[in-house]
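Undergrad: Sequence and predicted model, in that order:
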Amino acid sequence: MISKLVAGAAMLALLLACSPAPPAGVPTTEQLKNTTYHAVLDEPVTLSDGVYEGSPHTNMSASRPTVRLLESPIVSGDVTGNGLDEAVVMLATNTGGSGVFFHLAVVRNQGGAPQHIGMIPLGDRVKVNSLEVVDGTIVVNLVEHGPGDPMCCPTLAVHREWKLQGGELTELDTRDMQPTARHRGHLVWGHEGRSFAECASKRTGWVINESGKGLLEVYQELTSEPYEPLFVEVSGNWADAPEQGFGADYPEAMRITEWHRAEREGWGCDLDLEGVKFMASGNEPSWRLQIREDGISMWSIESPDETIFSDPESSESGGRVSFTVKGTDSGIHVILEKQRCVDTMSGTRYEYAATVELDEMRMSGCAVRGLQ
């Protein structure tokens with residue numbers, strides 16, 4: 001009996017010794033904050049609690065290079081294709097000037113310790129909107145600097161992807177995969193050509209119209225002859241130009257999926273829609289309002305002081321959006337219908353018709369969806 005127990009114990013010990021080790025997990029945040037990273041400065045840098053500080057540039061200078069790990073976003077996925085997930089993190093680097101340079105770093109778990117295996121430079125003062133690993137590919141949506149952008153304020157929305165190929169992180173060609181975004185510029189349309197020139201970046205491309213016949217109708221309503229530039233605000237993305245036909249003469253194309261505003265005179269490229277859900281205005285009497293997440297701001301010729309209606313209730317169904325604030329003394333009800341609307345003073349075409357019910361008044365106008 002004893003011999004059988006000894007034999008069984010020996011067999012169990014042998015099985016345990018031969019069993020494969022459990023797969024390594026993704027490096028923890030604490031490990032990532034104390035990892036050595038390469039190719040971010042001239043020499044490798046080792047973070048301490050998420051920060052590296054180098055020596056001052058000169059004896060008389062307090063300026064020194066710094067590298068900082070951003071704790072958000074940190075994502076994971078199998079970048080190497082070995083069946084185990086790696087971490088993808090962002091590093092922010094300042095070398096003493098006003099620039100802040102961002103990098104993506106890939107870190108794996110090697111024998112229980114983090115090991116940096118790849119670095120991707122993103123640029124100076126870019127804004128990362130999303131980061132993920134999809135089927136082994138690092139996917140980033142970010143805002144870069146267009147040709148005319150100041151360094152403080154990038155406006156060019158781009159979609160970029162990298163994949164590990166031959167041991168190196170290689171950027172993929174995603175020109176036909178750009179995310180749909182808002183673009184402002186001037187549309188030119190004629191019998192043998194149509195183009196779009198963007199305000200901010202000055203990029204010019206052939207127009208691929210996927211928004212329906214309304215865009216051409218608006219262009220014809222507001223211009224007196226073919227090929228006359230017309231300001232438009234549209235949703236779409238930059239893509240490859242056609243390989244044949246008139247479009248082949250352009251370096252790229254603007255694929256338009258929806259139009260929002262078109263005008264001969266008005267705010268054009270300068271209308272500020274950041275942080276706004278909708279902006280609406282009307283005439284006779286003159287009024288305008290902004291709808292934001294936390295309230296409705298209203299001005300009118302009869303009440304030039306700004307009136308704030310807080311915490312509106314909203315509902316949206318099909319092409320109809322409404323916002324309501326009920327008050328004991330004063331309330332407001334805004335109804336927006338998605339249909340072509342013409343400003344009676346400027347002739348600007350908008351994508352929404354607006355109705356505002358305020359106290360005993362009922363006012364009509366037009367509206368455009370904001371950039372919130």
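TA: Done, it's in. Numbers count the residues shown, from 1 in each chain.
Undergrad: For the residue positioned nearest the centre of the chain, grab phi and psi.
TA: Relative to the mean C-alpha position of the chain, the nearest C-alpha, by CA atoms, centre = their mean, is the one of residue 129, at 4.7 Å. When read as degrees, to the nearest 10, the backbone of residue 129 gives phi -90, psi -30.
Undergrad: Residue 139 is in contact with that one, correct?
TA: No: using CB atoms under 8 Å as the test, residue 129 is too far from residue 139 to be in contact (11.3 Å). Quick note: C-beta positions are derived from backbone N, CA and C, even for glycine.
Undergrad: quick one: secondary structure of residue 215?
TA: At residue 215 the chain is in helix, as set by DSSP: H, G, I helix; E, B strand; the rest coil.
Undergrad: quick one, what contacts it?
TA: Neighbouring residues of residue 215 by CB atoms under 8 Å, 6 or more residues apart in numbering: 187, 209, 232, 234, 256, 259.
Undergrad: same question, residue 129
TA: Taking CB under 8 Å, 6+ apart as the criterion, residue 129 is in contact with 141-143, 157.
Undergrad: Check the residues you listed against residue 244 and report the nearest one.
TA: The shortest gap between residue 244 and any of the contacts of residue 129 belongs to residue 157, at 28.5 Å (CB to CB).
Undergrad: Return the set of buried residues in whichever strand or helix holds the closest one.
TA: Assigning secondary structure by DSSP states H and E places residue 157 in strand 156-165. Neighbour counts using 16 or more other CB atoms under 10 Å place 156-160, 162-164 of strand 156-165 among the buried residues.
Undergrad: Mind listing residues that contact it?
TA: With CB under 8 Å, 6+ apart as the test, strand 156-165 has contacts from 79-81, 104, 106, 118, 120, 129, 136-146, 149, 169-172, 174, 177-179, 181, 200-201.
Undergrad: Show the average pLDDT along that strand.
TA: Averaging pLDDT along strand 156-165 yields 85.
Undergrad: for stretch 297-312, same thing?
TA: With pLDDT averaged residue by residue, stretch 297-312 scores 87.
Undergrad: same check, this time on stretch 49-69
TA: Stretch 49-69 shows a mean pLDDT of 85 in the predicted model.
Undergrad: Output it as PDB - backbone C-alpha positions only.
TA: Taking only C-alpha atoms (Å, rounded to 0.1, in the frame of the first residue of the first chain), the coordinates of stretch 49-69 have been written out as PDB:
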ATOM      1  CA  ASP A  49       6.700  55.900 -10.900                       C
ATOM      2  CA  GLY A  50       5.800  56.900 -14.400                       C
ATOM      3  CA  VAL A  51       8.300  59.800 -14.900                       C
ATOM      4  CA  TYR A  52      11.800  60.200 -16.200                       C
ATOM      5  CA  GLU A  53      13.800  63.400 -15.700                       C
ATOM      6  CA  GLY A  54      17.200  63.900 -17.400                       C
ATOM      7  CA  SER A  55      20.000  66.200 -16.600                       C
ATOM      8  CA  PRO A  56      19.700  69.900 -17.200                       C
ATOM      9  CA  HIS A  57      20.800  70.900 -20.700                       C
ATOM     10  CA  THR A  58      23.500  73.300 -19.300                       C
ATOM     11  CA  ASN A  59      24.800  74.100 -15.900                       C
ATOM     12  CA  MET A  60      23.000  77.400 -16.000                       C
ATOM     13  CA  SER A  61      19.700  76.000 -17.200                       C
ATOM     14  CA  ALA A  62      16.800  74.500 -15.200                       C
ATOM     15  CA  SER A  63      15.400  73.000 -18.400                       C
ATOM     16  CA  ARG A  64      15.700  69.300 -18.700                       C
ATOM     17  CA  PRO A  65      14.200  66.500 -20.800                       C
ATOM     18  CA  THR A  66      11.300  64.700 -19.300                       C
ATOM     19  CA  VAL A  67       9.300  61.600 -20.300                       C
ATOM     20  CA  ARG A  68       5.900  60.800 -18.700                       C
ATOM     21  CA  LEU A  69       3.700  57.700 -19.000                       C
END
